[in-house]
Structures are given as C-alpha cells and as structure tokens.
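Participant: Task: produce atomic coordinates for the following.
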Amino acid sequence: MNGKKGGGYVGASCVCVHCGGDANFVAHRDKGFVSLLGEFALVRSYYHCRKCGRGQFPWERTLRLTHQRLTPAAEEVISLLGVQNSFAEVAERTLRKACGLRVSESTVERTTEAAGERLIEQQQQRVKFGPDEPWDWERDAQGHTCASVSLDATGVRQQGENGAAADGRMAYVGMISNPRGAARTRERRQAYKPHQVRYLAGFYTLDELGLELRRQAAQVGWDLAEVQLAFSDGGSGLEEFFRKNFPLATIILDFWHAKEHLVELGKAVFGDESTEGKAWLDARCHQLKHEGGAAVRATLEALDVSHRSEAVREAHRRETNYFRNHEHKMNYPYYLSQGWAIGSGPVESACKTVVNYRLNGSGMRWGTAGSNALCHLRALCLSERNQWECFWQLA
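Facilitator: Numbering: from 1, shown residues only. Down below sits the predicted model:
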C-alpha cells in the first residue's frame, strides 16, 4: 500500500495481486467469520484494479482468511476432524462438543476436501513440508541400517452424477517407514522413538506416486540407509515400480500372499478338508520359509498330476508358474537371517487405516475429486506429526 493512504481511505491504492497493477480503494465492507472462539465481524478495505478488472481484500490475505468465512485455526480443526469421522458426525456432534463450533455438514465437507485439493496442488508444485531431517534408521541382525518402502492398492466406492451407480476406483497407498526389526533388544525397544512413517494415498498414476515417494524418501535420508527393502503383494506392475524408483532396494514378496497360492493348489489337488492336503500344505509352508521359493518351485514341478482332471492340471500349471516367476523375491531364509520382515502387513494395514476406515464406511460413496482429496489429506494426517503442522503453516 502507498504510505498513509494504505489504511483504506479515498485515494489509497495497493499493488494488485492478480496483475501487479494499481488497485484503488473503493469502500469498507464487513463480513462475518467463524473462529474457534465464536463468530465475529471484520471490516475490510476493498480495492479494485482497473487494469484487470478484479478486486481484492488485502487484510484477508494478510490474516489468511478464506472465502469460506473460517479463520485458519477453525479451518484446520474442521479438516482434522473431517478426515477422521463422517462429515455429519463432525458437524452435528464432535465440533459442538469439542469447541462449541456450529457449522453445517456441507461446510465440513467443503473445508476438508478443499484442504485436500490444496495439498494435491502443493505436491504437484514439489512443495516440501519441513526441513530435510534423516531418520535414525533401525538396524538389522547384521547391524546394518534399514529403510523400507511399501505399496498396495485398495478400492474406494464411487457415485456417479445424480446419485447413479459408478464403478469403484483403486487408490494406491504407499509408505516410507523406519522398520521395527526383530533384531532390536528390549533396551533398544524401550528407548526407541515413535514409529516413523510417511504415507501417500490417492488416485495416483504409478509414475506420479513414484516421484512423490522418492521425494519423501529423500527428505528423511533414504540414501543414507545401508539396506533398502521394498515390500509388496506381487501385484501387476509393482516390481517394475520398485526397480524404477528404488533400484537399490531388495524386493520382498509378502510371505502370506505366496502361501495363499499354495493353499489354492492344495485344495485343487487334495480337496478342501483333506488331512493329506493339510499335511502337504504345512510341509510346503515350512519349506518356503526355511528353504525359499526356488525349493518350493522345484517341489511343485516334481508333483505328478498328469493323471488328474484338466482343472487340477490347470491349477498346478498356474501356481507352478507363479512360483517360477516370483521365486527371486522369495528368499525367505536369507531375509530372516538378516532380521528383515517377510510380510507386507504394514502397508496392508495402512490401506485399512488410511483409506478404508474413513472412506469405506457403511453406505459411503464418493465423487472422484472429493475421495482423492480426502485420501491425500488423511495420509498426511497419519504420517509423522510434523507433516500436518508444516502443511498448515504454509496454508
């Protein structure tokens, strides 16, 4: 603003935030806002730029006030609660009980989704939340520091226009974490910091997700870890994803997903409730854990099903090929000897915690933009605490 004329008097002007021209004072206009301490009215100076024909309220920008009539603190609290419970529950009960704030369900929805959309924009602009701060990486049984990356996908029910049915969307859930290895002593467990993890969730393409996961990994010192581990359930494209984005990582196929393929083959060959089948399955699982995928593949290849039905032969062919294609990620005896995990349980749990618990409640259906925004924001909320605070400081 220009000297003494900046207080909102006739003749005052300021720089237009839209085009950089001169915006002239027009009038004082009042507007009601909602804060955590209640409602209040603010009288603001309104300026208009003849060059671009747009107006502005400089004090709103200075005070970080939005068009939704909420103060920044109210907006943050509403968004924080909106990612944790249904919008109706937040509006009708939680906010009123917590701080006496009375807003509509639609306000909670708009505020929460707007925050998620702003987060998406900042990620696309490569905004960094907080300084680079390497984690104190956990050590494996050999004393090597370990970093972990995991990826999975989960469905989100969608709703079309005018309430019409629509196909669901698959949201990716990725995580960079400091794994809590079995090699830790009781003394280390007692002194250990809270679990360090960064989540990403939403309707990313794999290329988009890979770029953002690498950025998150770099910020916490991924390249400083002596051992890098990548976990997945072996889904389509995931091995290529890890090799492209985390080329030094050892890729580990979730043990329990591999076991499920043995279960299916055992049912086909021996029947659902066969005692012989159960004994065979126990032996194969023991072999898988203590001898690895190559040994199990060789055992399956030696299994003679030539005299069995076409369905049994097809199941045998399919599951044998599965172990042949994935055996390089099934060296479980070595992984266990190093004190590494052999399951993708943490990221499967993350799919439930980050996405399903909030977005897949009974009867819930979503628009694509709103559910994508909520996935992003909830992932940020459940990541290590400083991520949420840093995001709102930049809001």
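
Participant: Mind exporting the C-alpha coordinates of the strand or helix carrying residue 390 to PDB?
Facilitator: Using DSSP states H and E, residue 390 falls within helix 386-393. What follows is helix 386-393, C-alpha atoms only, in PDB (Å, rounded to 0.1, in the frame of the first residue of the first chain):
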ATOM      1  CA  ASN A 386       5.400 -32.600  11.700                       C
ATOM      2  CA  GLN A 387       4.000 -33.200   8.200                       C
ATOM      3  CA  TRP A 388       0.500 -32.000   9.200                       C
ATOM      4  CA  GLU A 389       1.800 -29.000  11.100                       C
ATOM      5  CA  CYS A 390       4.100 -27.900   8.300                       C
ATOM      6  CA  PHE A 391       1.300 -28.100   5.700                       C
ATOM      7  CA  TRP A 392      -0.900 -25.900   7.700                       C
ATOM      8  CA  GLN A 393       1.800 -23.400   8.400                       C
END
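
Participant: what comes into contact with it?
Facilitator: 72, 76, 80, 119, 122, 129, 130, 198, 380, 381 (C-beta atoms under 8 Å, 6 or more residues apart in numbering). C-beta: built from backbone N, CA, C; applies to glycine.

Participant: Likewise for stretch 330-346?
Facilitator: With contacts defined as C-beta under 8 Å, 6+ apart, stretch 330-346 is touched by 140-142, 144, 146, 148, 150, 152, 175, 177, 179, 181-183, 227, 229, 231-233, 250, 252-258, 288-294, 296, 323.

Participant: Ok, stretch 17-30 next?
Facilitator: 5, 8-16, 41-52, 54-57, 61.

Participant: and residue 171, backbone torsions?
Facilitator: Note on residue 171: its backbone torsions stand at phi -100, psi 130 [degrees, to the nearest 10].

Participant: show me where the stretch 1-150 of the chain has strands.
Facilitator: Using DSSP state E, counting those that start in this stretch, the strands of the stretch 1-150 of the chain run over residues 13-15, 22-35, 38-49, 55-56, 138-139, 145-156.

Participant: what about residue 133, neighbour count?
Facilitator: Residues near residue 133, counting by other C-beta atoms under 10 Å, number 10.

Participant: The one 5 residues further on too?
Facilitator: Taking other C-beta under 10 Å as the neighbour definition, residue 138 ends up with a count of 23.

Participant: quick one: it from residue 195, how far?
Facilitator: Noted for residue 138: a distance of 10 Å to residue 195, by C-beta to C-beta, to the nearest Å.

Participant: who touches both of these two?
Facilitator: With C-beta under 8 Å, 6+ apart as the test, residue 138 and residue 195 both reach 178, 180.

Participant: CSV please, covering the contacts of helix 386-393 and showing distance to residue 160.
Facilitator: What follows is the contacts of helix 386-393, written out as CSV (distance: C-beta to C-beta, whole Å):
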residue, distance to residue 160
72, 35
76, 32
80, 30
119, 25
122, 29
129, 34
130, 39
198, 33
380, 28
381, 28
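
Participant: Buried members of those into PyMOL, please.
Facilitator: Command for PyMOL that selects the buried part of the contacts of helix 386-393, burial taken from 16 or more other C-beta atoms under 10 Å:
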select buried, resi 76+80+119+122+129+198+380+381
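
Participant: The contacts of helix 386-393 in helices, which ones?
Facilitator: Cross-referencing the contacts of helix 386-393 against helices under DSSP state H gives 72, 76, 80, 119, 122, 380, 381.

Participant: For the second one, which non-adjacent residue is closest in space?
Facilitator: Meaning residue 76. residue 392 (5.0 Å; C-beta to C-beta, 6 or more residues apart in numbering).

Participant: burial count for that neighbour?
Facilitator: Neighbours of residue 392 using other C-beta under 10 Å come to 18.

Participant: Okay, the residue lying closest to residue 134 once chain neighbours are set aside and residue 395: tell me how far apart.
Facilitator: Once flanking residues are discounted, residue 134 sits nearest to residue 221: 2.6 Å by C-beta to C-beta, 6+ apart. When distance is defined by C-beta to C-beta, residue 221 is 27 Å away from residue 395.

Participant: Looking at these two, which is more packed in?
Facilitator: Higher neighbour count among residue 221 and residue 395: residue 221, with 17 against 14, using other C-beta under 10 Å.

Participant: Provide the backbone phi and psi angles at that one.
Facilitator: According to degrees, to the nearest 10, residue 221 has phi 80, psi 40.

Participant: ok, it to residue 132 distance?
Facilitator: Distance of residue 221 to residue 132, given as C-beta to C-beta: 7 Å.

Participant: Buried residues, stretch 234-249. List them.
Facilitator: Applying 16+ other C-beta under 10 Å to stretch 234-249 flags 234, 238, 239, 241, 242, 245, 246, 249 as buried.

Participant: How far off centre is that stretch?
Facilitator: In terms of C-alpha atoms, centre = their mean, to the nearest Å, the centre of stretch 234-249 is set 18 Å apart from its chain centre.

Participant: Repeat that for stretch 274-286.
Facilitator: Taking the mean of its C-alpha atoms, stretch 274-286 sits 37 Å from the chain's own mean (C-alpha atoms, centre = their mean).
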